[in-house]
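**Q** Provided below for reference: sequence and predicted model.
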Amino acid sequence: MPTAPPVAQTPRGLIAITISSVTWGLLPIYWNALHSVQPNTVLAYRIITTVVTMALLLVVLRRHRHFFATIPKLWSNTRLFILAVIAALLISANWLLYIILVSVGKTLEASASYFLMPVMNMLIALIVLRERTNVYGWASLVLAAVGVCIFIAGSGGVPWLGLIMALSFCGYGLLKRVVPLDSWQSITFETAVVTPLAFLWILWQPGFGIVHQDLGVIILLMGAGIVTAIPLITFAYGVQVVPGFLRTLVFVSCVRCQFASCMVSWSRDMSR
C-alpha cells in the first residue's frame, strides 16, 4: 500500500509542480515572441538547446553514468528502441504544431488541445489499455466531451491542428508506459535522437535561420532549452511527493494560466 509523502517534502513538491504548471501556462507568450522566426527553425533550436541543457544537468548532478548505462540496454531490445524513437518523433511533432499554432496567431486552437487531451487519454485507457472506470470517471468523460463540443461550436469549426497535437501527445504518453526510461533519460534521449535533423535544418538555413534577427530573439532561442527542460524536471520531482488531488488542483491552475497567456498572445496578434 503506498505511503503518504513526507510532510516536509510536500511543500517542495507543490512548489516544483507549480513552477512546471506556470511555465507551461506561459509558454504561448514565449513562442509568440519568436513569431519572426520560422517554426521549423524555432523547433530546431529548441531541440538542440534542450539536449545541451539536459547533458549539462546530467553531468552536474552525476546522472550521466546511469544514462549511458541504460541506453545500450534499450538498444539491445529492438522493439523498445523503435518505440522510443517513435516517441521522440511524436513529441517533436507536438512541439512543432504548438509553435506553428502560436506563431500564426491560432493560440486558442493550441489551447484547445489541452481540453482535448484528457478526453483522448481516457478513451485510450478504456479502449486500448482495457482499464476500467467508475461512474465518476464516466461523468468526467462526458463533461469533458461536452466542454470540447462547446469549444468547437464556439470556434466555428473543428480545431484540426489542435486535435492532431493532442493525438500526438496522447500517443507519446502511451509509448512512455512501455519504454523503460525515467524522465531525465527520456527527454535527453528523445531530443538527442532528433538533434541531427535539427542541426541539418539549421545548417541548411541562410545565416543559421537567425539572420536579421535582433539580440532579444536570439537570446529567446538560446533559452528555449531551459524553458523546455526545467518544467519537465520539476514536474518529475513533484509527482513523486505530491498527492494526486493536489496535482489536479495545480493542473487546473495550469489550464487557467494557459488560457490567460493565450488570450494575451491573441490580443497581440490582433494588434499587429
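**A** Looks like it arrived, so ask away.
**Q** C-alpha only now, for contacts and for neighbours.
**A** OK.
**Q** What count of nearby residues applies to Pro148?
**A** Rather than Pro, residue 148 is Val. For Val148, the neighbour count with other C-alpha atoms under 10 Å is 18.
**Q** I'd like the distance between it and Trp24.
**A** 21 Å (C-alpha to C-alpha, to the nearest Å).
**Q** Next: Phe235.
**A** Counting by C-alpha to C-alpha, the gap from Phe235 to Trp24 is 11 Å.
**Q** ditto for Val158
**A** Taking C-alpha to C-alpha, one finds Val158 at 24 Å from Trp24.
**Q** Same check on Ser92?
**A** 16 Å.
**Q** same thing with Leu108?
**A** Counting by C-alpha to C-alpha, the gap from Leu108 to Trp24 is 15 Å.
**Q** Looking at those two, which has the bigger crowd around it?
**A** Leu108 (23 against 20).
**Q** next structured bit after the helix or strand where that one lies?
**A** Using DSSP states H and E, Leu108 sits in helix 107-127. The helix or strand immediately downstream of helix 107-127 is helix 135-155, counting by DSSP H and E.
**Q** by contact count, what packs against that next one?
**A** helix 107-127 (3 or more C-alpha pairs under 8 Å, 6 or more residues apart in numbering; DSSP states H and E).
**Q** what's the angle between the helix it packs on and helix 135-155?
**A** 150 degrees (axes from the mean of the first three to the mean of the last three C-alpha atoms, to 10 degrees).
**Q** Now do the same for Leu34: helix, strand or coil?
**A** Assigned by DSSP: H, G, I helix; E, B strand; the rest coil, the conformation of Leu34 is coil.
**Q** Quick check: the gap between it and Cys149.
**A** 31 Å.
**Q** Same drill for the two, tell me which one is more crowded.
**A** When neighbours are counted by other C-alpha under 10 Å, Leu34 comes out ahead of the other of Leu34 and Cys149, with 20 against 14.
**Q** So for the more buried one, what's the pLDDT?
**A** Looking at Leu34, its pLDDT is 90.
**Q** Could you verify my assumption that it touches Val217?
**A** Yes: when contacts are counted by C-alpha atoms under 8 Å, Leu34 is listed as touching Val217 (6.3 Å).
**Q** Count residues in the vicinity of Ile152, would you?
**A** When neighbours are counted by other C-alpha under 10 Å, Ile152 registers 15.
**Q** Once you drop chain neighbours, what's closest to it?
**A** Val158 (5.6 Å; C-alpha to C-alpha, 6 or more residues apart in numbering).
**Q** Could you report the neighbour count for Thr228?
**A** Residues near Thr228, counting by other C-alpha under 10 Å: 22.
**Q** What of Ile218?
**A** Neighbours of Ile218 using other C-alpha under 10 Å come to 15.
**Q** which residues sit in contact with it?
**A** Ile210 (C-alpha atoms under 8 Å, 6 or more residues apart in numbering).
**Q** Assign a three-state SS to it, would you?
**A** helix.
**Q** Can you tell me what sits against the helix or strand Leu56 falls within?
**A** Under the criterion of DSSP H and E, Leu56 resides in helix 39-60. Identification of contacts with helix 39-60 by C-alpha under 8 Å, 6+ apart yields 34, 64, 92, 95-96, 99-100, 103, 184, 187-188, 191-192, 194-195, 197-199, 201-202, 209, 221-226, 228-229.
**Q** Please apply the same query to stretch 66-78.
**A** 80-81, 180-181, 185.
**Q** Let's see that with 10 Å instead.
**A** Stretch 66-78 has contacts (C-alpha atoms under 10 Å, 6 or more residues apart in numbering) with 55, 58, 64, 80-82, 84, 179-182, 184-186, 188-189.
**Q** Narrow those to just the buried residues.
**A** 55, 58, 64, 80-81, 84, 179-181, 184-186, 188-189 (16 or more other C-alpha atoms under 10 Å).
**Q** If I look at Ala44, what pLDDT would I see?
**A** pLDDT, Ala44: 95.
**Q** same deal with Val22?
**A** For Val22, the predicted pLDDT is 77.
**Q** just Ser253 next, same as before
**A** With respect to pLDDT, Ser253 scores 50.
**Q** quick one: low-confidence ranges for the stretch 151-272 of the chain?
**A** Within the stretch 151-272 of the chain, the ranges that satisfy pLDDT under 70 run 151, 155-157, 236, 238-272.
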